[in-house]
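Trainee: Provided below are the primary sequence and the corresponding predicted coordinates.
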Amino acid sequence: MAVGGIPCDSRKNYAGKFTCKVIFACVVAASGGLIFGYDLGISGGVTSMDPFLQKFFPKVYRKEISVQPSDDQYCKFDNQILTLFTSSLYLAALLSSMTASRITRGLGRKVTMMFGGLLFAFGAIINGFAANLLMLIFGRVLLGFGIGFANQSVPIYLSEIAPFKYRGALNMMFQMSITIGILVANLLNYFTAKIEGGGGWRISLGGAVVPGLIFFVGCFFLSDSPNSLLERNKYEEAKDMLRRIRGIDNVDEEFKDLAKASEAAKLVQSPWRDILSSKYRPQLTFAILIPLFQQLTGMNVFVFYAPVLFKSMGFGNNASLMSALITSIVNSCATLVSIATVDKYGRRTLFLLGGLQMFVCQAVMTISIASKFGSSGSPGQLPLWFSAIVVVAMCVYIAGFAYSWGPLGWLVPSEIFPLEIRSAAQSITVAVNMIFTFAIAQVFTAMLCNLKFGLFIFFAICVVGMSIFIYKLLPETKGVPIEEMTLVWKYHPYWAKFVVDKNSSPVMGKLELII
Ligand code: BGC
């Protein structure tokens, strides 16, 4: 059967086993997702803790306590300085992902990952001891640098070392770690919010040092990916690593293709300029649009602001953190579904099913919130049935994201870029992801205040648009070896016209000796 439109006789089938070595490397590298997830999960809870608001954002605090049940609930958290706390990190991550592209290319994936863990751990310490707003923001900027480095290097490392038949599942362990990070952070917030004396937020913010160090120390035990070693002319080491992760001696066929790709990659002097040429149009399009669309699903509204959102709807303090906890458990569990199915049913199926599920839930949430809050935003007493509908719709929506746009938003870009532009293109993906994570974090409270329940309509329309885009333009990439990916464009009815024949790439003298 043709996969990704590629005829059977053009497809490769490299030999190799599913080894413990590869599983270990993937688990360790994927732990980089913990730092991203931890941070995503911690800020929402911390910004809803009164002692934290009192210390750093007294104006928001005063506004919050003066709100009456009859006031406009949509607007009580609308404060741009408070959102700057959440979003400053994403700006830093955006900047660092650009630098990280040079490091991943020049020094390898492993070094970049280690930088990521270390910077994150430093940022966590500064935040834990923060005495003023400046320290708080500085700490967050360091966290952002760490995340930029990790998100730039981890997905490509995972896609490079995974055997192509299991690439989807192994790459998605990154997303699994993100969701575990979010879950742990929410759990911690739930308990620290109750600490007498109000210093709980320090534990929540400082606790980020733990995932940072887990990731940093874990990376000592990793070897770089064969692709990255070849990129830096370490031929013997690359072949040896390939043998070890594939668990067989004869890796010649795969090694030859990796080597060919790496030689072609070396001809590219300036990946940032080359990526703009029309032959990379499909990859560039997805590098930009996949992370953009991932953010326009609206998922991060729940990730960052679940406690705030629940509070706005009249749930008490405890109940709102509790609901955030439930939603993050759903997020982790549904990610397992995608790990189990992505290499069987393919990326397109999950994208489309997840899109449909999110759309239906957004519609339900819009109707229920509109019917209760109207456009004045004063709900009066909230009945139990209402809370139940909103929480269930939210959970089903989150599950839809967690088996589709969440993990696929990292998997698909990392597997479609050819080696010569992989680092640069992944940086674009991370940067776009961060810009829009930032934008959502920054404008959400203002959007809620102005669009009211229309906020969910906005995201629902986006979900429809992105599903059509995937349906029309994304070729299936399951089961296609990473360095063979150019074929999916070549056989795609729309993208074929952009792709020139890569068979003309130069062949390497020195390598034939090793092969
Ligand atoms: C996204 C994050 C999101 C998380 C939720 C990730 O794939 O990039 O923005 O918060 O999934 O699980």
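Mentor: The structure has been received and is ready for your questions.

Trainee: Show me where the stretch 251-400 of the chain dips below the pLDDT cut-off.
Mentor: When residues are selected by pLDDT under 70, those of the stretch 251-400 of the chain lie in 307-309, 311-318, 320, 373-382.

Trainee: And the residue of it closest to the ligand?
Mentor: Val303 (4.2 Å; C-beta to the nearest ligand atom). For the C-beta atoms, the positions are set from N, CA and C on the backbone; glycine is no exception.

Trainee: what's the distance between that residue and Met176?
Mentor: 15 Å (C-beta to C-beta, to the nearest Å).

Trainee: Who has more neighbours out of these two?
Mentor: Val303 (27 against 24; other C-beta atoms under 10 Å).

Trainee: what's near enough to touch the more buried one?
Mentor: 40-41, 44, 182 (C-beta atoms under 8 Å, 6 or more residues apart in numbering).

Trainee: ranking the residues you listed by neighbours, who comes first?
Mentor: Most surrounded of the contacts of Val303: other C-beta under 10 Å gives Gly41, at 30 neighbours.

Trainee: Quick check: residues of this protein near the ligand?
Mentor: The chain comes close to the ligand at residues 40, 175, 178-179, 182, 294, 299-300, 303, 331, 406, 409-410, 433, 437, as judged by C-beta under 6 Å from any ligand atom.

Trainee: buried set for stretch 158-176?
Mentor: Buried residues in stretch 158-176, defined by neighbour count with 16 or more other C-beta atoms under 10 Å: 158-164, 166-176.

Trainee: name the element Val464 belongs to?
Mentor: helix 454-473 (DSSP states H and E).

Trainee: Contacts for that helix, please.
Mentor: 285, 289, 293, 296-298, 301, 348, 351-352, 355-356, 358-359, 362-363, 365-366, 369, 405, 444, 447-448, 451, 494-495.

Trainee: Tell me who's in contact with Ile180.
Mentor: Applying C-beta under 8 Å, 6+ apart, we find Ile180 in contact with 33-34, 37, 332.

Trainee: could you measure it against Phe145, distance?
Mentor: In terms of C-beta to C-beta, Ile180 sits 22 Å off from Phe145.

Trainee: circling back: so of the contacts of Val303, which ones are in helices?
Mentor: Using DSSP state H, the subset of the contacts of Val303 located in helices is 40-41, 44, 182.

Trainee: Which one of the residues you listed is nearest to Ala388?
Mentor: Gly44 (21.7 Å; C-beta to C-beta).

Trainee: how many other residues sit next to the nearest residue to the closest one once chain neighbours are set aside?
Mentor: Distance criterion C-beta to C-beta, 6 or more residues apart in numbering; nearest residue to Gly44, sequence neighbours excluded, is Phe304 at 4.6 Å. A count of neighbours around Phe304, defined by other C-beta under 10 Å, yields 26.

Trainee: chain center to the strand or helix carrying Val27, what's the gap?
Mentor: In this structure, Val27 sits in helix 20-30 according to DSSP H and E. Chain-centre distance of helix 20-30: 18 Å, with C-alpha atoms, centre = their mean, to the nearest Å.
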